[in-house]
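>>> Sequence and predicted structure below; questions after.
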Amino acid sequence: MSEIQTATFGAGCFWGVEVTFRNVVGVVDARVGYMGGHAEHPTYEQVCSGLTGHAEVVQVRFDPAQVAYEDLLETFFEAHDPTQVNRQGPDVGSQYRSVVFVHDDAQKETAVAARSAREASGRHGAPIATAIEPAGTFWPAEEYHQQYLVKRGLATCRI
């Protein structure tokens, strides 16, 4: 059995992104939370204020024998508009930024290559705005945000 690995993505509102990753074969868990800011133990309200610097993220635990990190990056890029700066659809603010938080040098190299390939493809018609940053502390979101859509009988969160 392979060792479970961690990947963290910010792609706008975390509810729909969480569902998307939970449906990927090889993902063993996905939790919503906050990363990339300066406050400790941020609350949803604090993050929404834009003052903590955190992004809404989904932290994915996956089995690399079943799904490659490259495939998770593809899922990430397909799950949102990576050309948007600090917004996704009607959600505006730095907490909704497009960002890949990398957990090691291999993830960084792979994420940079994936972003470059997306940019070179021209398929988005605008520059890719996705940031690639070192992973910091993951602060899990409040329990009512975990599997928010599933708890409400919804399959997706459409923008």
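Yes, it's here.
>>> per-residue confidence at residue 148?
For residue 148, the model assigns a pLDDT of 54.
>>> Report the mean confidence score over stretch 16-27.
93.
>>> Buried residues in that stretch, which are they?
For stretch 16-27, a neighbour-count test (16 or more other CB atoms under 10 Å) marks 16, 17, 18, 19, 20, 21, 22, 24, 27 as buried. In this view, the C-beta of every residue, glycine as well, is placed from N, C-alpha and C.
>>> Let's see that stretch as CSV, backbone CA atoms only.
Provided in CSV are the C-alpha atoms of stretch 16-27 (Å, rounded to 0.1, in the frame of the first residue of the first chain):
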residue,chain,number,x,y,z
GLY,A,16,-18.2,22.9,-4.4
VAL,A,17,-14.5,22.3,-4.7
GLU,A,18,-14.7,19.8,-1.8
VAL,A,19,-17.5,17.8,-3.5
THR,A,20,-15.5,17.8,-6.7
PHE,A,21,-12.4,16.3,-5.0
ARG,A,22,-14.4,13.8,-2.9
ASN,A,23,-15.7,12.3,-6.2
VAL,A,24,-12.1,11.6,-7.5
VAL,A,25,-11.1,8.0,-7.3
GLY,A,26,-8.1,7.8,-5.0
VAL,A,27,-9.0,10.7,-2.8
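>>> Residue 35 is in contact with residue 47, correct?
No: using CB atoms under 8 Å as the test, residue 47 is too far from residue 35 to be in contact (10.1 Å).
>>> about what we covered before: so which of the buried residues of stretch 16-27 comes closest to residue 78?
Closest approach between the buried residues of stretch 16-27 and residue 78, by CB to CB: residue 20, at 8.2 Å.
>>> Excluding chain neighbours, give the residue nearest to the spatially most central residue of the chain in space.
In the chain, the centroid-proximal residue (CA atoms, centre = their mean) is residue 9; its distance is 2.1 Å. Residue nearest to residue 9 in three dimensions, not counting chain neighbours: residue 76, with 4.7 Å by CB to CB, 6 or more residues apart in numbering.
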